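Visitor: Let's see this in three dimensions:
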Amino acid sequence: MKKIVLLTLIAGLFTTFNASAQQDKSKRASPPAIVSQTLGSGAQISIDYSRPSIKGRSMNELAPAGKIWRTGANEATVFETSKDVSIEGQKLLAGKYSIYSIPGEKEWTIIFNKTWKQWGTVYKESEDALRIGVKSGKSKQFAEMMTFEIAKNGKVSLMWAETQIDFKVQ
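Guide: Numbering: from 1, shown residues only. All right, here's what the predicted structure looks like:
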């Protein structure tokens, strides 16, 4: 009998913890967003991410130069393509990938990692599917919240604070 009571208490605690861990994503400090686009090739691409805010901090505090960054907040940012695509001239097979990056002053490394369904801070280089180098520039306007955009021509833009990074998907 004591075992049943103990197991019931443990199950109840687990259920409570699990429910709070899977809270409504829209109520998080870094709200979720999804952008998608169908390219001329017919490939449907999408990016599912959480949008961190600057809140008076510097970009380097939140995404330190030269260090792996999860490129978003909360769960890993997910890039999905329905067909094989070329990103900055390099092939990426159809599927889902997490996006990580290594910020730099003049260039960022954008990383497409095979492990996509995970918390954003878990990164294993051995799971990288593709790495590309892209130039970093100044955005036209300040973006308090990190924002991805996908143009019809396949140009993907990441804007945050005064920084903008673009890469081409075909």
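Visitor: From now on I want contacts and neighbour counts done on CA atoms only, so please keep to that.
Guide: Noted.
Visitor: Show me where the chain has its helices.
Guide: Ranges of helices in the chain, per DSSP state H, are 2-21, 59-62.
Visitor: Lowest average pLDDT across the ones you listed?
Guide: Ranked by mean pLDDT, the helices of the chain bottom out at helix 2-21, with a mean of 45.
Visitor: tell me which helix or strand of this structure sits lowest on mean pLDDT?
Guide: Here the helix or strand of the chain ranked lowest by mean pLDDT, DSSP states H and E is helix 2-21, holding a mean of 45.
Visitor: Could I get the pLDDT score of Glu125?
Guide: pLDDT, Glu125: 97.
Visitor: That one and Lys114, how far apart?
Guide: Between Glu125 and Lys114 the computed distance is 10 Å (Cα to Cα, to the nearest Å).
Visitor: Could you do Arg57 as well?
Guide: 31 Å.
Visitor: higher neighbour count, those two?
Guide: Lys114 (18 against 10; other Cα atoms under 10 Å).
Visitor: Leaving out sequence neighbours, find the closest residue to Thr138.
Guide: Residue 138: Lys, not Thr. With sequence-adjacent residues excluded and distances taken as Cα to Cα, 6 or more residues apart in numbering, Lys138 is closest to Thr163, at 4.8 Å.
Visitor: Surely that neighbour and Gln141 touch.
Guide: No: counting by Cα atoms under 8 Å, Thr163 stays clear of Gln141, with 9.1 Å between them.
Visitor: contacting residues for Lys96?
Guide: Val78, Phe79, Glu80, Thr81, Lys114, Trp116 (Cα atoms under 8 Å, 6 or more residues apart in numbering).
Visitor: the longest strand in this structure is where?
Guide: When the chain is scanned for its longest strand (criterion: DSSP state E), the result is strand 128-150.
Visitor: I would like the residues contacting it, please.
Guide: 35-37, 47, 51-55, 72, 87-88, 90, 92, 104-114, 156-167.
Visitor: Tell me which stretches of this protein form strands.
Guide: Using DSSP E, strands in the chain cover 32-38, 44-50, 77-81, 85-87, 90-92, 95-102, 107-113, 128-150, 155-168.
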